[in-house]
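1. I would like to see how this sequence folds:
(one chain, ligands or ions: 2)
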Amino acid sequence: MAGSPTKQDLIWRSVQELAINGDKPPARYIFCDGDGEQIDGSPPLFPVPVIDVSLITSSTSQSSKEDEELEKLQSALSSCGCFQAVGHGISSSFLDKVREVAKLFFELPTEEKQKYSRAVDELQGYGTDQVLSEHQILDWSDRMFLGVHPEDQRKLKLWPENPRAFREVLHEFTANIKFISEILLKAMARSLKLEENCFLNQFGEQSTMIARFNYYPHCARPDLVLGVKPHADGSGITILLQDREVEGLQLLENDRWVRVPIIPDALFVNVGDQVQIMSNGIFKSPVHRVVTNSERERITLAVFYMPQKEKEIGPEDGLIDEKRPRLFKKVKNYADIYFQYYQAGKRPIDAAKI
Ligand SMILES: O=C(O)CCC(=O)C(=O)O
Ligand SMILES: [Fe+2]
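-> Ligands and ions are numbered 1, 2, ... in the order given. Here you go, the predicted model:
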């Protein structure tokens, strides 16, 4: 097709298709070029703390092992804001099944995947980075975004029926993730000597869970593009199932990018902005980005667990005193605020700061 691409072309041309010819990425994907800082795909590996979820599941049987694990949890979330969860109860073979259905979906022909396309002004469905301005630098990734909770609000017409097991596997996986998220949020409250349900109460009965399958094709110039630009998540907490073999996630630690290692059967958990707010800034929502590589595709599944829409959230009273004054206002509909700030290139959590 002649001429420069229209907005519509950019929306519908998947990065997967762009990657096939192995050419240099189009200008709209170039995050840094030449004189800017090059994207380092291999900075030092960061020893992300490992937490055994099976040790922190019960509030009744207080044991020294549990106390120790809660202390580790508190320390991880107050420093890097993330950890690798093991002992979470989901079998290794089921995690691989989740990875398999995701891979089979992205392998489908374009026309088949486009049956589930995101409408231009919608968030849910299959697509690329949402194009909101001509100047936006686009992510080198395709994604499938699906609301999974509350269950009665699922947009099932966007849930793939191909591969056959997709819906069932996603349903089962996210039911497990919800269960684990609730255990974690209780443990996080206990680790701060708070009543264990306090964070969960802020999430509300109709808490929201969104699944985002990320597909990062290989890229001829991984030094110029990002799979996902630097951001902190707008969730309460995020649980990420990483690719079993291909790395790509990086964290900003003390102003330096570091690599997140792969532990194949672990779930990578990070605090999102809304839990940073609820914890009055004690828990940190880490800035992270995704890099690509020239050889292999990478597929991940991020599940964002968020408070109910319209519900006001704010710092827990028990975490405010003279030594630690209130750092954040009460906010609601943080997802909307997040989106506006993020697209304007600002850090969304600043909107909630006092
Ligand atoms: O794919 C990854 O490793 C992380 C993705 C991510 O940060 C996100 O979806 O918010
Ligand atoms: Fe993220």
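2. Straight-line length of stretch 260-277, end to end?
-> 24 Å (Cα to Cα, to the nearest Å).
3. if you look at that stretch, does any of it touch ligand 1?
-> No - on the criterion Cβ under 6 Å from any ligand atom, stretch 260-277 is out of touch with ligand 1, staying 7.4 Å away. All C-beta spots, glycine's among them, are computed from the backbone N, C-alpha and C.
4. How about that stretch, which residues are buried there?
-> 260-262, 265-277 (16 or more other Cβ atoms under 10 Å).
5. and those, which of them are in strands?
-> 267-271 (DSSP state E).
6. TSV please, covering these and showing pLDDT.
-> Output for those, formatted as TSV (pLDDT from 0 to 100):
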residue	pLDDT
Leu267	98
Phe268	98
Val269	99
Asn270	98
Val271	98
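7. Contact partners for Val331?
-> 277, 312-314, 337, 351-352 (Cβ atoms under 8 Å, 6 or more residues apart in numbering).
8. swap that for Ala165, please
-> Here Ala165 is in contact with 97, 101 (Cβ under 8 Å, 6+ apart).
9. for it, phi and psi?
-> When quoted as degrees, to the nearest 10, the phi and psi of Ala165 stand at phi -80, psi 0.
10. Likewise for the one 10 residues further on?
-> Geometry field for Ala175 lists phi and psi as phi -60, psi -40, criterion degrees, to the nearest 10.
11. Relative to Val48, how far out is it?
-> From Ala175 across to Val48, the span is 26 Å (Cβ to Cβ, to the nearest Å).
12. Compare these two (neighbour count), which wins?
-> Legend: neighbour count by other Cβ atoms under 10 Å for Ala175 and Val48, higher for Val48 (23 against 14).
13. dump the residue contacts of that one.
-> 80, 82-84, 251, 260-261, 268.
14. Taking the stretch 101-250 of the chain, what residue is nearest to ligand 1?
-> Leu249 (3.7 Å; Cβ to the nearest ligand atom).
15. Is that residue bridged to anything, and to what?
-> Beta-bridge partners for Leu249, by DSSP bridges, are Val290.
16. pretty sure it contacts Asp243?
-> No - taking contacts as Cβ atoms under 8 Å, Leu249 lies outside contact range of Asp243: 9.4 Å.
17. more crowded one of these two?
-> Per other Cβ under 10 Å, whichever of Leu249 and Asp243 has more neighbours is Leu249, with 26 against 21.
18. nearest residue to Leu200 other than its sequence neighbours?
-> Take Leu200 and drop its neighbours on the chain: the residue closest to it by Cβ to Cβ, 6 or more residues apart in numbering is Leu185, 5.2 Å away.
19. just to revisit the earlier point, what is in contact with Leu249 and Asp243 at once?
-> Thr300.
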